[in-house]
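Visitor: could you work out the structure for the sequence below:
(chains A, B and C)
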Amino acid sequence: MDKERKPTVFESRVYEAVSQIPSGKISTYRDIARVLSIASPRAVGQALRRNPFAPQVPCHRVVCADGKIGGFFGESAGALIEAKKRMLREEGVIFHEDRVDLQRCLHSWH
DNA sequence: AGATTGACTAACC
DNA sequence: AGGTTAGCCAATC
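Guide: Here you go, the predicted structure:
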């Protein structure tokens, strides 16, 4: 069993930002990184990858900068990706095949 | 403390 | 157009 480490300030910031995304909207690693004043979206992925707050954080609303679904579920769960896509679509997110309508569903960070 | 990775992105070939 | 390289930041080993 993995011991849950205490989230760092950086991670907490990521979780907070992601949890701020309302239903029907999404965001990209790049955008989140940008809001967090980070130059590396990888660091964001790192935080989400650890995701100590599992379903509490809508990490499924976070996609690649291209609108493509990130690998948060991994290739082993490709089918789940479609399920998430369908779920997001029901939330109001416009999907185009394997991509998301960033210009339409991108969350406004004000 | 140093080296590697990691759910990325963008640029280069 | 598609594959590869490089850059980036933070966490983990």
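
Visitor: kindly report the residues of chain A close to DNA strand C.
Guide: Counting by Cβ under 7 Å from any atom of the strand, the residues of chain A close to DNA strand C are A:5, A:8-11, A:38-40, A:42-43, A:46-47, A:50. Quick note: C-beta positions are derived from backbone N, CA and C, even for glycine.

Visitor: so A:K85 touches A:I69, yeah?
Guide: Yes - using Cβ atoms under 8 Å, A:K85 is in contact with A:I69, at 6.9 Å.

Visitor: so the helix or strand bottoming out on mean pLDDT in chain A, near DNA strand B or not?
Guide: Ranking every helix and strand in chain A by mean pLDDT, DSSP states H and E puts helix A:78-91 at the bottom, with a mean of 80. No - counting by Cβ under 7 Å from any atom of the strand, DNA strand B has no neighbours in helix A:78-91; the shortest distance is 10.2 Å.

Visitor: centre of the chain to that helix, how far?
Guide: 13 Å (Cα atoms, centre = their mean, to the nearest Å).

Visitor: same thing with stretch A:21-33?
Guide: Worked out by Cα atoms, centre = their mean, stretch A:21-33 lies 6 Å from the chain centre.

Visitor: send the alpha carbons of that stretch over as PDB?
Guide: The C-alpha coordinates for stretch A:21-33 follow below in PDB (Å, rounded to 0.1, in the frame of the first residue of the first chain):
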ATOM      1  CA  ILE A  21     -13.000  23.600 -13.000                       C
ATOM      2  CA  PRO A  22     -16.800  23.500 -13.200                       C
ATOM      3  CA  SER A  23     -18.800  20.800 -14.900                       C
ATOM      4  CA  GLY A  24     -18.900  21.200 -18.600                       C
ATOM      5  CA  LYS A  25     -15.500  22.800 -18.700                       C
ATOM      6  CA  ILE A  26     -12.000  21.600 -18.900                       C
ATOM      7  CA  SER A  27      -8.500  22.700 -18.900                       C
ATOM      8  CA  THR A  28      -5.100  21.700 -20.200                       C
ATOM      9  CA  TYR A  29      -1.900  21.000 -18.400                       C
ATOM     10  CA  ARG A  30      -0.400  24.000 -20.000                       C
ATOM     11  CA  ASP A  31      -3.100  26.300 -18.900                       C
ATOM     12  CA  ILE A  32      -2.900  25.100 -15.300                       C
ATOM     13  CA  ALA A  33       0.800  25.400 -15.400                       C
END
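
Visitor: I am finished for the moment; much appreciated.
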